[in-house]
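**Q** Any chance you can model this:
(chains A, B, C and D)
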Protein chains: 2
Amino acid sequence: MVTLAEVAQHAGVSASTVSYVLSGKRSISSTTRQRVEQSIRELGYHPNAGARALAGKRSNIIALMIPLRTDMYVPVMMEIAIAVATTARTHGYDVLLLTGEEGPDAVRRVTGSGLADAMILMDVELQDERLPLLRESGQPSVLIGLPADTADLTCVDLDWSATGALCVTHLAGLGHRDIAVIGEAPAVYERHTGFAERTLDGLRSRARETGVRVLHRPCEGGYDAMALTLARIFDERPATTGFVVQNESAVEPLLALLRQQGRAVPEDVSVVAICPDQVAVQASVRLTSVAVPAQEMGRRAVEHLVAKLDGPGGDEVVLLAPELTPRASSGPAPAAP
Amino acid sequence: MVTLAEVAQHAGVSASTVSYVLSGKRSISSTTRQRVEQSIRELGYHPNAGARALAGKRSNIIALMIPLRTDMYVPVMMEIAIAVATTARTHGYDVLLLTGEEGPDAVRRVTGSGLADAMILMDVELQDERLPLLRESGQPSVLIGLPADTADLTCVDLDWSATGALCVTHLAGLGHRDIAVIGEAPAVYERHTGFAERTLDGLRSRARETGVRVLHRPCEGGYDAMALTLARIFDERPATTGFVVQNESAVEPLLALLRQQGRAVPEDVSVVAICPDQVAVQASVRLTSVAVPAQEMGRRAVEHLVAKLDGPGGDEVVLLAPELTPRASSGPAPAAP
DNA sequence: AAAACACGTCGAAGCGCTTCGACACCTCTG
DNA sequence: CAGAGGTGTCGAAGCGCTTCGACGTGTTTT
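**A** Predicted coordinates for the structure are as follows:
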């Protein structure tokens, strides 16, 4: 393994000079710089990460805590993770993957060991156990998601409340008066995941404003669960003509069931999905949807973190504005019979 | 930040003693051990990762290289990644997430910098550019997937060839004589991804043995692409009664299209999917499927790696035997008209 | 009773890097 | 032309940990 010292010797300079060439923290004449760079290339030198972390007091690693559960939005998680990793690399950071399994202890471990310089937390609950630890540790961090109390915290998230409102506005504008919301699995609501509850708030308050009735039903994914849920919805609100779906694995079953029941989309019922664009365009009906900007969330999270790491900026809550793309699944409400 | 030295002082022993308590590499009287452990707890000590890596010449980090592209099997990737991360933790390792983006350079960087002790590579192509580097670096590694040449390499994978064969056996056993294979997107075949080609080999050779005709068509996911592909298949082989699908995002579209064309599943046509069980049971028809054992692959990969890291075992190719679960999507071939 | 061996502990060296202060040397100023 | 101020380079001191050899003590062996 090639060391700094060997590079220095090969280039005929001192070790510190090589270090300064690498870091650019002191000016170096261009002749020496070139000589050193040449040696680095010839010897195939890579600085040792451990030594660097020890001496420099920063590891150039960002920890990313992803949820262990896979009961929702797996592709979104994956997309965020990939965006985080690639964005981090462009800023010279690597990404350490932590699963929720360890729980709050992971925060302690990473903070205490200097393994990572900063953390990104996903799947944030409204009252998240990890937050007290994060605050007290003073470790730079960004949440992807929004807890109940955002004091001292930087958060990046889609504006879910606006997302919910946007869906209602769209359907209300088309004349729909009875809207059903197919939500995530009950477990997601039970653990008070921020995005689910906020979406609901947005839906409901806009519904109140526009005089639309909203019926919300959580739903496990899959065909059978969806069949049951749908039956109950039409049972309770036979006049339902609009659907908002916030559950990837319920989308296709819903469409299949509606078709099967002879309800045409969008002539008889309209469907608005909250999902990645890819899902929306691949469905059996091209879905009017509000996209979940997964890539952007990951990218923004890293950028905020990096900004904090060099020159501590303040805390901030960044809510991305939702955008609704009308496609083939929504249209004017049918005339009342 | 609490250091070893502070713990030592607090416990009234030398630093080396604390270190030996931590590592267990020398015997320590139980009195001192307890005293030290007590101090560690009271001070909330966590060993510094960088210092440890530097002095101990191992970082206790495993690098996981996941593909950047998301043109296939995202949930499977995610599941593997999570399994890798959790299994690694149980062995005292953390996981560094690398995306394919950097390409072969990532191998060089990780190897050279001592950032990670070992690597796991996913999305291995038959002639993978990263392999020469891996071999020459001598870094412990495990591939999830199977390249063309496995010399000096440890690989873990589903036995895709057997998987393909199993699907044909199942359908042939039910009397189907014309089978269509809906494959991954063309790009996946173009870059010679091992699993796709091997599955095809297995399908074809078993088809030859059982006297079944096989028509293979790659397919981008989604409804429209599937519609086109399906039309072509029935055009070319109107007698097709069996389908093998190896493309998650084609499964639901296929079912919808068959339904729409009035072909009943499984009375008129049978469908066998190669996908995670969750997808199979959530589809609009409960699918006969061969599961992709994502968790097990991740777990096994880590375990092999850990075994290599302490006491270098030999290289090995581990092929997991596929299992087919019959569900509601396959049945006897209809009597010839 | 002396020699041999464990056992438990300690001090010191060193892992490869960053960074601080020092020191040449050179170019401006007044 | 002396002093001030820059510039480019170097040596040395750590960063917090692991590990090796050494050194008491207490126990066993001959």
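**Q** What's the local residue count around the closest residue to residue A:66 other than its chain neighbours?
**A** Closest residue to residue A:66 apart from its sequence neighbours, by Cβ to Cβ, 6 or more residues apart in numbering or on different chains: residue A:122 at 5.3 Å. Where C-beta positions appear, they are placed from N, C-alpha and C, glycine not excepted. Using other Cβ atoms under 10 Å in any protein chain shown, residue A:122 is surrounded by 20 other residues.
**Q** what do you get for the one 3 residues further on?
**A** Each residue near residue A:125 was counted by other Cβ under 10 Å, and the total is 18.
**Q** Return the distance of it relative to chain B.
**A** When distance is defined by Cβ to the nearest Cβ, to the nearest Å, residue A:125 is 19 Å away from chain B.
**Q** who touches residue A:324 in this structure?
**A** Residues in contact with residue A:324 (Cβ atoms under 8 Å, 6 or more residues apart in numbering or on different chains) are A:166, A:167, A:170, A:272, A:288, A:289, A:290.
**Q** strands paired with the helix or strand hosting the fourth one, and their directions?
**A** Take DSSP states H and E as the rule and residue A:272 turns out to sit in strand A:270-274. Partners of strand A:270-274 in the sheet, by DSSP bridges, are strand A:242-245 (parallel), strand A:288-290 (parallel).
**Q** contact partners of the very next helix or strand once past that strand?
**A** Downstream of strand A:270-274, the next assigned helix or strand under DSSP H and E is helix A:277-282. With contacts defined as Cβ under 8 Å, 6+ apart, helix A:277-282 is touched by A:75, A:248, A:251, A:273, A:286-289, A:291, A:325, A:327, B:221-223, B:249, B:253.
**Q** OK, contacts around residue A:196?
**A** By Cβ under 8 Å, 6+ apart, residue A:196 lies in contact with A:183, A:184, A:188, A:189, A:246.
**Q** again, 10 Å this time
**A** A:72, A:126, A:160, A:183, A:184, A:185, A:188, A:189, A:190, A:218, A:246, A:247 (Cβ atoms under 10 Å, 6 or more residues apart in numbering or on different chains).
**Q** List the residues that contact residue A:195.
**A** Contacts of residue A:195 (Cβ under 10 Å, 6+ apart): A:72-73, A:123-124, A:144-146, A:157-158, A:160-161, A:163-164, A:184, A:188, A:246, A:274, A:292.
**Q** Residue A:116 touches residue A:62, doesn't it?
**A** Yes. Residue A:116 is within contact range of residue A:62, at 5.9 Å (criterion: Cβ atoms under 10 Å).
**Q** Now do the shared contacts for those two.
**A** The contact lists of residue A:116 and residue A:62 share A:93, A:94, A:95, A:96, A:140, A:141, where a contact means Cβ under 10 Å, 6+ apart.
**Q** For those, pick the one with the most neighbours.
**A** Highest neighbour count within the shared contacts of residue A:116 and residue A:62: residue A:141, with 29 neighbours (other Cβ under 10 Å).
**Q** Could you verify that residue A:146 is part of a strand?
**A** No. Counting by DSSP: H, G, I helix; E, B strand; the rest coil, residue A:146 falls outside a strand, being coil.
**Q** Show me the helices in the stretch 151-300 of chain A, by range?
**A** According to DSSP state H, counting those that start in this stretch, the stretch 151-300 of chain A carries its helices in the segments A:160-173, A:186-190, A:194-210, A:223-236, A:248-260, A:277-282, A:294-309.
**Q** Check whether the last one comes near DNA strand C.
**A** No. For helix A:294-309 and DNA strand C, the contact criterion (Cβ under 7 Å from any atom of the strand) is not met; the two come no nearer than 13.1 Å.
**Q** packing partners for that helix?
**A** Helix A:294-309 sits against strand A:61-66, helix A:74-90, strand A:118-121, strand A:141-144, strand A:155-158, strand A:317-320, with contacts defined as 3 or more Cβ pairs under 10 Å, 6 or more residues apart in numbering or on different chains; DSSP states H and E.
**Q** For these, which has the smallest mean pLDDT value?
**A** When the helices and strands packed on helix A:294-309 are compared by mean pLDDT, helix A:74-90 comes last with a mean of 91.
**Q** number of nearby residues for residue A:92?
**A** Neighbours around residue A:92, by other Cβ under 10 Å: 8.
**Q** Can you tell me the closest non-neighbouring residue to it?
**A** residue A:60 (6.0 Å).
**Q** what does residue A:80 give?
**A** Per Cβ to Cβ, 6+ apart, closest to residue A:80 is residue A:298, 4.2 Å.
**Q** what's near enough to touch that neighbour?
**A** By Cβ under 10 Å, 6+ apart, the neighbours of residue A:298 are A:64, A:76-77, A:79-88, A:120, A:122, A:144, A:156.
**Q** again with residue A:198
**A** Counting by Cβ under 10 Å, 6+ apart, residue A:198 makes contact with A:126, A:145, A:146, A:157, A:158, A:159, A:160, A:161, A:162, A:163, A:164, A:319.
**Q** So which of the residues you listed is the closest to chain B?
**A** Closest to chain B out of those is residue A:145 (17.8 Å), distances taken as Cβ to the nearest Cβ.
**Q** separation between the residue of the stretch 51-200 of chain A found nearest DNA strand D and residue B:245?
**A** Across the stretch 51-200 of chain A, the shortest distance to DNA strand D (Cβ to the nearest atom of the strand) belongs to residue A:55, at 3.5 Å. From residue A:55 across to residue B:245, the span is 54 Å (Cβ to Cβ, to the nearest Å).
**Q** Looking at the two now, which is surrounded by more residues?
**A** Set residue A:55 next to residue B:245 and count neighbours by other Cβ under 10 Å: residue B:245 wins out with 25 against 13.
**Q** Spit out the contact partners of the more buried one.
**A** Going by Cβ under 10 Å, 6+ apart, residue B:245 touches B:167, B:180-183, B:219, B:226, B:251, B:253-255, B:271-275, B:287, B:289, B:329.
**Q** Spell out which parts of the stretch 1-150 of chain A neighbour DNA strand C.
**A** Within reach of DNA strand C by Cβ under 7 Å from any atom of the strand, the stretch 1-150 of chain A has these residues: A:1, A:3-5, A:15-16, A:19-20, A:22-23, A:25, A:45, A:47-48, A:51-52, A:54-57.
**Q** In helices, which of these appear?
**A** Within these, residues falling in helices by DSSP state H are A:4-5, A:15-16, A:19-20, A:22-23, A:51-52, A:54-56.
**Q** how about the residues you listed, which pair is most distant?
**A** Farthest pair in those (Cβ to Cβ) is A:20 and A:54. Separation: 18.3 Å.
**Q** pLDDT weak spots in the stretch 51-200 of chain A?
**A** A:70-72 (pLDDT under 70).
**Q** which bits of it sit near DNA strand D?
**A** Applying Cβ under 7 Å from any atom of the strand, we find that the stretch 51-200 of chain A lies next to DNA strand D at A:51, A:54, A:55.
**Q** Nearest to residue B:135 among the residues you listed?
**A** Using Cβ to Cβ, those come closest to residue B:135 at residue A:51, 26.6 Å.
**Q** Now, of the residues of the stretch 1-150 of chain A next to DNA strand C, which are buried?
**A** Buried residues within these, counting neighbours by 16 or more other Cβ atoms under 10 Å in any protein chain shown: A:4, A:19, A:20, A:22, A:45, A:47, A:48, A:51, A:52, A:54.
**Q** now, which of the contacts of residue A:198 sits nearest residue A:212?
**A** residue A:164 (12.0 Å).
**Q** That closest one contacts residue A:214, correct?
**A** Yes. Applying Cβ under 10 Å as the test, residue A:164 and residue A:214 come out as touching, 9.4 Å apart.
**Q** who are the neighbours in contact with the nearest residue to residue A:67 once chain neighbours are set aside?
**A** If the residues on either side of it in the chain are set aside, residue A:67 comes closest to residue A:123, at 3.6 Å by Cβ to Cβ, 6+ apart. Contacts for residue A:123 (Cβ under 10 Å, 6+ apart) come out as A:65-69, A:72-73, A:77, A:100, A:143-145, A:188, A:191, A:193-195.
**Q** can you check residue A:243 too?
**A** A:167, A:171, A:176, A:179-182, A:230, A:233, A:250-251, A:254-255, A:258, A:265, A:269-273, A:329-330.
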